[in-house]
Structures are given as structure tokens and as C-alpha cells.
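**Q** could you look at this predicted model? Sequence included:
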Amino acid sequence: MNKNDVKRNQPRKGFIDPNKTKTYLVYHETDLLTFLREKMAKQSQHNIRHMISNHQVAVGGAPVNEWFYKLYPEDEVTVSWTPIKKRERKDLPIIYEDEDIIAINKPSGLLSVASDREKGKTAYRLVTDWLTQTNKKARIFVVHRIDEDTSGVLIFAKNFETREALQNHWQEIVTKRGYYAIVEGEDIPEEQTLKNYLWLDETTFQVRVTKSKKNSKLAITHYKKMAAKNGYALLDVNIDTGRKNQIRVMLGNIGHYIIGDDRYGEPSNPLKRLGLHAYELDFTNPLTGKEYKIKAEMPACFKKLFWVSHAEKRAIAEAKAKGVKVKNGSKRRK
């Protein structure tokens with residue numbers, strides 16, 4: 001269990017309390033009112049309409065108040081005993097948007113989509129809230145996910161047809177999945193390709209490396225060392241496969257755990273977050289042939305761990321000119 005799980009399990013004010021909800025999965029196209037009348041047969045149509053109008057119903061964790069809101073396969077409809085507060089969103093970290101997709105630089109610590117323990121505080125909810133501020137009928141669809149504690153490129157489709165095309169051809173259309181990873185140990189080899197079979201431990205829900213092909217999936221990870229300093233190494237990682245926790249597990253398996261990853265080891269945590277950032281996603285939309293190269297800049301805290309900024313260089317130069325010895329960022333008088 002992650003050490004932050006206890007804190008994260010506590011319901012947040014204004015968000016959906018998972019202990020006071022009922023969630024239903026959608027299997028075919030329909031509308032919200034028809035769907036809930038089927039699932040909540042004991043409730044009158046009047047009561048169901050009231051719950052929808054009263055913001056007690058959410059799709060993907062985002063509140064919906066339209067009776068005939070269109071539902072698609074894989075949607076999750078949540079009914080809450082209390083109203084789900086709508087929120088105004090500002091300064092959303094959007095890095096790209098067109099008529100088919102929207103991409104954000106997801107912060108570390110934010111779920112991509114709703115989970116059993118968290119329905120409201122997700123990237124899906126943030127983007128939905130943002131779009132519906134100007135278009136009440138706007139909606140998004142999940143295409144892929146990145147780990148909660150990983151930051152970086154996350155895309156959503158803006159229509160069902162695009163979602164289906166991207167998901168159904170994902171392995172074929174994606175040409176690059178690039179990550180920056182910070183690991184413990186400067187002595188990690190300069191460059192390496194890792195190939196392992198990974199399986200999910202159903203007891204602990206952790207992914208593990210195994211030699212058996214049974215109930216496991218092949219994962220391929222390439223990396224190059226970009227920098228090394230103070231016991232850490234910065235890696236440029238590219239993956240051929242998108243397995244759950246792939247990078248974290250495979251680097252930990254060779255003895256170089258990603259910093260801040262208390263789920264797969266006990267590495268140090270100098271950044272107070274997981275040292276993993278999805279910096280680039282390249283793919284082609286099979287419906288339009290449009291090529292995408294979506295990038296999210298390296299987090300400032302990653303850079304600071306390995307490189308001195310121009311301002312710091314000037315400060316060091318000025319300190320030396322005044323006769324102050326500088327070592328590892330500290331200053332002392334001669």
C-alpha cells in the first residue's frame with residue numbers, strides 16, 4: 001500500500017463520497033434517463049428526473065443535469081445521495097486541442113479517471129468541467145491512462161468515434177511514448193533495453209517481473225542516461241508496450257528504483273513526488289490520417305535536481321567574486 005493511500009481515502013468536501021454512491025457501467029448506446037429507469041426500476045421517472053436535475057448524477061465523475069445526455073459503452077454512471085457540486089475551472093494545463101482530441105499536462109498526484117476510492121478529483125473531471133463551461137453538451141472520452149503519481153501528457157477524445165478508433169488501434173498508431181525518469185544510483189548503465197514478462201499479483205495488486213509466460217505479458221523498455229548527480233540519474237525512457245506500472249517495475253528490477261516510488265521499493269524522495277514524467281506522445285489518428293506529436297516540458301523540479309539555472313550561476317559567480325567559497329550550492333566565507 002502506498003503511504004499516501006490513507007490520506008487519499010478520506011472524502012473531500014465538494015467531491016463525490018464513494019461511500020454514498022451507486023455506480024453503473026454502460027454497455028450500449030442510450031440516454032441517461034432511459035438508462036437510469038432500467039437500473040433504478042423501483043424509482044419513479046419523476047424521482048430520477050429530479051436526481052438528474054439536482055446534480056446527483058455523474059458520468060465519469062463529472063456531474064450531468066441533462067435528462068437525455070448521450071451515453072456510450074464503457075461510460076460509468078454514478079448516482080449520489082447528495083448533490084455533486086459543479087466547479088469552475090481556471091488555468092487548466094492544456095497543451096493541445098482540436099475538434100477531435102484535447103491533451104493536458106497532468107499534474108502528479110491526480111488520477112486520470114475515476115476509481116473505486118475517488119470519483120471526483122480526476123483529470124477526466126477537470127477537463128469535462130473546463131469544456132462544459134462554454135458548451136454544456138461537450139464531453140470527453142478516455143483513450144489511455146497514466147499513473148496517478150506520474151505527470152505529463154494525457155489525451156482525451158472529444159467524440160465517441162475518435163475514442164473507438166484510437167483505442168482499437170493504439171498499439172499500431174502510437175510511434176513514441178517518451179518519459180523522463182529519475183532513479184537512484186548514478187552507476188546505472190548508459191543505455192539499455194529491458195525485456196521482461198510482467199504479471200499482476202491479485203493479492204497485493206502490484207505488478208511483478210516473472211520468468212513465466214503464463215498469465216503474464218511481455219514488456220519492453222528502452223532508456224538512455226541523460227545526466228547523473230548526487231546519487232541520482234536522469235533517464236530518457238521509451239516504451240514499446242504500455243503495461244501497468246511498466247517503467248517503475250522494470251527499473252526497480254535492475255536495482256534502480258524511481259525516486260519517490262514507495263510502492264515498488266523504498267527509494268529517497270527529494271522531490272516529494274514520483275520521479276516520472278510522460279514528456280511525449282506521438283500517434284496518428286486512423287480516421288483522419290492526422291499525425292500528432294504532443295509534448296509536455298520537463299518539470300522544473302527535475303531540472304533543478306541536475307542542472308544549475310542561469311540565475312544560480314550568476315549568484316555563484318557573484319559569490320566567488322566576493323571571496324565566498326561555493327560547494328554544492330552552499331556558501332561560506334573564506
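**A** Happy to help now that I have it.
**Q** which of the three states applies to the residue sitting nearest the centre point of the chain?
**A** Note on the chain: the residue nearest the mean C-alpha position is residue 146, at 3.5 Å, using CA atoms, centre = their mean. For residue 146, the assignment made with DSSP: H, G, I helix; E, B strand; the rest coil gives coil.
**Q** now swap in residue 263 and tell me
**A** At residue 263 the chain is in coil, as set by three-state DSSP.
**Q** pLDDT score assigned to it?
**A** Each residue has a pLDDT score; the one for residue 263 is 88.
**Q** same thing with residue 90?
**A** Each residue has a pLDDT score; the one for residue 90 is 80.
**Q** A strand includes it, no?
**A** No. Assessed with three-state DSSP, residue 90 is coil; it does not lie in a strand.
**Q** low-confidence regions, this structure specifically.
**A** Low-confidence segments of the chain (pLDDT under 70): 1-19, 119, 308-320, 324-334.
**Q** how does it look with 90?
**A** Judged against pLDDT under 90, the low-scoring parts of the chain cover residues 1-21, 60-66, 81-92, 113-121, 132-138, 201-206, 211-215, 242, 262-266, 307-334.
**Q** domain ranges for it?
**A** Domain assignment for the chain by automatic domain parsing gives 5-165, 175-298, 308-334.
**Q** is it true that residue 228 touches residue 184?
**A** No. Under the criterion of CB atoms under 8 Å, residue 228 lies out of contact with residue 184, with a separation of 11.0 Å. In short, each C-beta sits where N, CA and C put it, glycine included.
**Q** those two: which has the busier surroundings?
**A** A side-by-side neighbour count of residue 228 and residue 184, using other CB atoms under 10 Å, places residue 184 first with 21 against 17.
**Q** hey, what's the more buried one bridged with?
**A** Using DSSP bridges, the bridge partners assigned to residue 184 are residue 232.
**Q** that one: what's it in contact with?
**A** With contacts defined as CB atoms under 8 Å, 6 or more residues apart in numbering, the neighbours of residue 184 are 231, 232, 233, 256, 257, 259, 267, 268.
**Q** tell me how far it lies from residue 254.
**A** 11 Å (CB to CB, to the nearest Å).
**Q** go on, residue 70?
**A** In this structure, residue 70 and residue 254 are separated by 47 Å, where distance is defined by CB to CB.
**Q** follow-up on the earlier one: as TSV, the contacts of residue 184 with distance to residue 89 and neighbour count would be great.
**A** Output for those, formatted as TSV (distance: CB to CB, whole Å; neighbours: other CB atoms under 10 Å):
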residue	distance to residue 89	neighbour count
231	39	12
232	35	22
233	37	24
256	38	23
257	35	23
259	30	23
267	34	21
268	34	12
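**Q** the longest strand along the chain pairs with which strands?
**A** Longest strand in the chain, counting residues (DSSP state E): strand 217-229. When pairs are called by DSSP bridges, strand 217-229 turns out to pair with strand 191-200 (antiparallel), strand 232-239 (antiparallel).
**Q** tell me if residue 279 really is in a strand.
**A** Yes. Assignment of residue 279 by three-state DSSP places it within a strand.
**Q** that one reaches residue 180, doesn't it?
**A** Yes. Contact criterion CB under 8 Å: residue 279 and residue 180 qualify, at 5.4 Å.
**Q** shared neighbours, these two?
**A** With contacts taken as CB under 8 Å, 6+ apart, the residues that reach both residue 279 and residue 180 are residue 298.
**Q** helices of this structure, start to end?
**A** 5-8, 32-39, 45-53, 123-132, 160-168, 170-173, 246-253, 300-306, 310-321 (DSSP state H).
**Q** among those, which comes closest to residue 198?
**A** Ranking those by proximity to residue 198 (CB to CB) places helix 246-253 first, at 6.2 Å.
**Q** residues in contact with that closest one?
**A** Counting by CB under 8 Å, 6+ apart, the neighbours of helix 246-253 from elsewhere in the structure are 147, 179, 181, 183, 194, 196, 198, 207-209, 219, 221, 223, 235, 237, 239, 257-258, 261, 263-265, 276.
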